[in-house]
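Chemist: Have a look at this fold, sequence not included:
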């Protein structure tokens, strides 16, 4: 395998993240058809997404640690099989509890197998352009709402919800299982000795890693960043509708955010490679906070579109940078474990936002305090990111793998 295979790894990671996140978030498309066909409550069906986030958080830590020990291929292969199985079983659920256990827990567990292991695999293949490579893998998440969701809507219209979910499950097997078998470790990997953790030997003590200032700042920044934007993202369509935007046009705002997130990932990843990760991350978090506060001033569709471009590019652009920082601070040998633990914290932040936003709307009959609070949390995330310790570099040493 030549060095060109590194871009195959990037493509595989983008495909996996697209299918995994797309199938998980397609619950929003399935919710109304399922409720109409079964009589199950909307809140009961939607609770599957809350379960997804919680299970995905803890699962990401476990699968990330497993990828460090056993390699990424076996982990993503398990996830590929499990994701298809979860969707097939969910399509056959006869009770709400069965659906929550299969879609809410199994889909979340399966989806968590891809992010940390494939990001870890990607960082192992790249010494240069690492920020861009990680951003491209993460871009699969941005493509998901523009691919899997419309596909799910078309299937539901053609076949109703049970056959549609079954077909998506089979399609997940067809796409992901062969892709998982193509995942490889690099023929020669560079082990960073520039951090105190890498300098300790093959595997530093995780207790020391998780108590370190580097991980504490990483985890808290990731948590606050996701807590800041998750509520506004989830409630954006309803907020725009309240402001007088037509329902179908309001849905398009979400699509604009997703498309802007793709551009943001490429822009921020390229800038991080050129001027450093920390200043780009802090700047992106400040832009995100400013955009959240500005939503209080918009009411027209064109204003929502313009702000969606700024907001989407900011929150989409900063997300891959946490993985790059994890690699730079902790080296390659434990990046799956570290990134999995940080992702667990970010998932908890994502889970809080929609719930708090719903409570604010029920209490005050508007979303003003949601955007005010989210902007303040976003500023807090930027302030925490300023505390990242400086990186210390030493000369890297090559370590050769037996390719698997």
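Modeler: Arrived safely, thanks for sending. The model shown is predicted, which means the values in this text are computed figures rather than measured ones.

Chemist: Now residue 32. Nearest residue, chain neighbours left out?
Modeler: Using CB to CB, 6 or more residues apart in numbering and skipping the chain neighbours, the partner closest in space to residue 32 is residue 42 (7.9 Å). (Each C-beta comes from the backbone N, C-alpha and C, glycine too.)

Chemist: Now do the same contact list for that neighbour.
Modeler: Contact criterion CB atoms under 8 Å, 6 or more residues apart in numbering gives 31, 32, 35 as the residues in contact with residue 42.

Chemist: How about residue 290?
Modeler: Applying CB under 8 Å, 6+ apart, the residues near residue 290 are residue 375.

Chemist: Report the buried residues of the helix or strand hosting it.
Modeler: In this structure, residue 290 sits in helix 277-294 according to DSSP states H and E. In terms of neighbour count (16 or more other CB atoms under 10 Å), helix 277-294 has its buried residues at 277-278, 280-294.

Chemist: again, but for stretch 58-74
Modeler: For stretch 58-74, burial by neighbour count (16+ other CB under 10 Å) applies to 58-68, 71-74.

Chemist: could you say which helix or strand contains residue 252?
Modeler: Assigning secondary structure by DSSP H and E places residue 252 in helix 247-275.

Chemist: how big is the angle separating that helix from helix 277-294?
Modeler: 160 degrees (axes from the mean of the first three to the mean of the last three CA atoms, to 10 degrees).

Chemist: heads up, I number from 29, so please use that
Modeler: Got it, first residue is 29 now, which makes that one helix 275-303.

Chemist: Could you report the distance from residue 317 to residue 395?
Modeler: Plainly put, residue 317 is 16 Å away from residue 395 if you go by CB to CB, to the nearest Å.

Chemist: scratch that, residue 111 is what I was asking about
Modeler: For residue 111, the distance to residue 395 (CB to CB) stands at 34 Å.

Chemist: which residues does the closest residue to residue 169 other than its chain neighbours contact?
Modeler: Once flanking residues are discounted, residue 169 sits nearest to residue 49: 4.6 Å by CB to CB, 6+ apart. Contact partners of residue 49, counting by CB under 8 Å, 6+ apart, are 139, 168, 169, 172.

Chemist: What separation do you get for residue 134 and residue 330?
Modeler: Applying CB to CB, one obtains 42 Å for the distance of residue 134 from residue 330.

Chemist: likewise residue 176?
Modeler: The gap separating residue 176 from residue 330 is 28 Å, by CB to CB.

Chemist: ditto for residue 121
Modeler: As it turns out, when the distance is counted by CB to CB, residue 121 lies 42 Å from residue 330.
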